[in-house]
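In: give me coordinates for this.
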Amino acid sequence: MRWYVALTWTALRALGALPLRALYSLGTTLGVLLWWRRHARERVHTEVSLALACPKLTDASRARLAKLCLIETGRAVTELAAVWGRGALQALELVHEVRGQELFDAALRMRRGLIIAAPHLGCWEVLNYWLCSRTPIAILYAPPRDPAFEEMLRRARGGLSPQQVRADGAGVRVLYKRLAAGGVVGILPDQQPKRGEGQFAPFFGVEANTMVLLPRMAHRTGATVLFAFAERLRQGAGFRIHFQTAPPGIASEDLRVACTALNRGVQDCVELAFTQYQWAYKRWSERPDPNAPDPYWLARNNVNREP
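Out: Reported below is the predicted structural model:
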């Protein structure tokens, strides 16, 4: 383990001794600092995403919303000390409510395979622990940009022994095999694919390059699809897990129909905890017109040119 990875892991373990409320205070400070740094990548990306998703808001209302979103971004960082730093069993003690669990339990009883679509919303890491505590599961992940962190991520997420599979051809085959056996897999449905590997479909009314893997898996295996996320409760009170049924059409052979349903499912979740979505993620960087510029790139360059 590289020294900086070891230092990160040590810091998470040490900070994990703090109450969640204290960690959220640190996260709030981090979010406010991001807000005050006008050129900060997270602020610029958040503002672009909100301008696309909420065009009817006034500039002042959108600015207030962006600040709240950045505060939640900061809390998402610091809460990892309570989730990864304390370990799976202690982190699960922070889950105080589960809504829609009857959907999850019914899908397990059917034994026809279950796909959990977990957007970048709330604390998806604690959701991973909760799912692993209920059933064997395979989770698909994209390796970090710095390969040195992959070992740490696998260690942090592996407390309850999920099958962690890379997002490559071999990993996809593992998921199909597990679903064919009636098992459970977890996928982040709002991960933007590379151009040419996805399908454009509306997300908050704006065309977004959308993954086709999940709809294809649902179509070919007949597996049930449920959307799920762990909502961050106020004042460090813990987490509330939500399960929701997938919109009709998510298993359609028509990828435009299926991906529209997929994005609708993500949007339905986001609307329950709007500021907790990862708005700094460049969800709309790919445009249907290949010659159209990346709006996030344009915004960063415009900000950098201003005095």
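
In: just how off-centre is stretch 277-295 within its chain?
Out: For stretch 277-295, the gap between its own C-alpha mean and the chain's C-alpha mean amounts to 17 Å (C-alpha atoms, centre = their mean, to the nearest Å).

In: gap between residue 276 and residue 223?
Out: Residue 276 sits 27 Å away from residue 223, going by C-beta to C-beta, to the nearest Å. In short, each C-beta sits where N, CA and C put it, glycine included.

In: more crowded one of the two?
Out: When residue 276 is set against residue 223 and neighbours are counted by other C-beta atoms under 10 Å, the residue ahead is residue 223, at 26 against 23.

In: what pLDDT is listed against the closest residue to that one other than its chain neighbours?
Out: For residue 223, ignoring the flanking residues on the chain, the nearest one in space by C-beta to C-beta, 6 or more residues apart in numbering is residue 113 at 3.3 Å. The predicted structure scores residue 113 at 97 on the pLDDT scale.

In: residue 113: what's it in contact with?
Out: 178-185, 221-224 (C-beta atoms under 8 Å, 6 or more residues apart in numbering).

In: residue 29 versus that one, what's the distance?
Out: Here the distance between residue 113 and residue 29 works out to 44 Å (C-beta to C-beta).

In: helix/strand/coil for the closest residue in space to residue 221 that isn't next to it in sequence?
Out: When the adjacent residues along the chain are set aside, residue 221 lies closest to residue 179, with 4.4 Å between them (C-beta to C-beta, 6+ apart). Secondary structure, DSSP: H, G, I helix; E, B strand; the rest coil: residue 179 is helix.

In: the chain should start at 103 in everything you say after this.
Out: Understood, numbering begins at 103; the last thing we discussed is residue 281.

In: burial count for residue 281?
Out: Burial measure for residue 281: 23 neighbouring residues, criterion other C-beta under 10 Å.

In: my guess is it contacts residue 325. True?
Out: Yes: in this structure, residue 281 sits in contact with residue 325. The criterion is C-beta atoms under 8 Å, and the distance is 4.9 Å.

In: intersection of neighbour lists for those two?
Out: Applying C-beta under 8 Å, 6+ apart, one finds that residue 281 and residue 325 are jointly contacted by 215-217, 319.

In: that's a helix at residue 152, yeah?
Out: Yes: if the criterion is three-state DSSP, then residue 152 is within a helix.

In: quick one: residues contacting it.
Out: Contacts for residue 152 (C-beta under 8 Å, 6+ apart) come out as 159, 164, 167-168, 171, 381.

In: over to residue 164?
Out: 149, 152-153, 156.

In: let's see 10 Å
Out: For residue 164, the set of contacting residues under the criterion of C-beta atoms under 10 Å, 6 or more residues apart in numbering consists of 148-149, 152-153, 155-158.

In: any idea which of these has the most stuff around it?
Out: Result: residue 148 is most packed of the contacts of residue 164 (other C-beta under 10 Å), 26 neighbours.

In: helix or strand for it, which one?
Out: Using DSSP states H and E, the element containing residue 148 is helix 143-155.

In: report the backbone C-alpha coordinates of the lengthiest helix in the chain in PDB.
Out: Of all the segments of type helix in the chain, defined by DSSP state H, the longest one is helix 161-180. As requested, the backbone C-alpha atoms of helix 161-180 are provided in PDB (Å, rounded to 0.1, in the frame of the first residue of the first chain):
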ATOM      1  CA  ASP A 161     -30.200  32.700 -10.400                       C
ATOM      2  CA  ALA A 162     -30.500  33.500  -6.700                       C
ATOM      3  CA  SER A 163     -32.500  30.400  -6.000                       C
ATOM      4  CA  ARG A 164     -30.100  28.200  -8.000                       C
ATOM      5  CA  ALA A 165     -27.100  29.700  -6.100                       C
ATOM      6  CA  ARG A 166     -28.700  28.900  -2.700                       C
ATOM      7  CA  LEU A 167     -29.500  25.300  -3.900                       C
ATOM      8  CA  ALA A 168     -25.900  24.900  -5.200                       C
ATOM      9  CA  LYS A 169     -24.500  25.900  -1.800                       C
ATOM     10  CA  LEU A 170     -26.700  23.300  -0.100                       C
ATOM     11  CA  CYS A 171     -25.600  20.600  -2.600                       C
ATOM     12  CA  LEU A 172     -22.000  21.400  -2.000                       C
ATOM     13  CA  ILE A 173     -22.500  21.100   1.700                       C
ATOM     14  CA  GLU A 174     -24.000  17.600   1.200                       C
ATOM     15  CA  THR A 175     -21.000  16.800  -1.000                       C
ATOM     16  CA  GLY A 176     -18.700  17.700   1.900                       C
ATOM     17  CA  ARG A 177     -20.700  15.500   4.200                       C
ATOM     18  CA  ALA A 178     -20.500  12.600   1.800                       C
ATOM     19  CA  VAL A 179     -16.700  12.800   2.100                       C
ATOM     20  CA  THR A 180     -16.500  13.100   5.900                       C
END
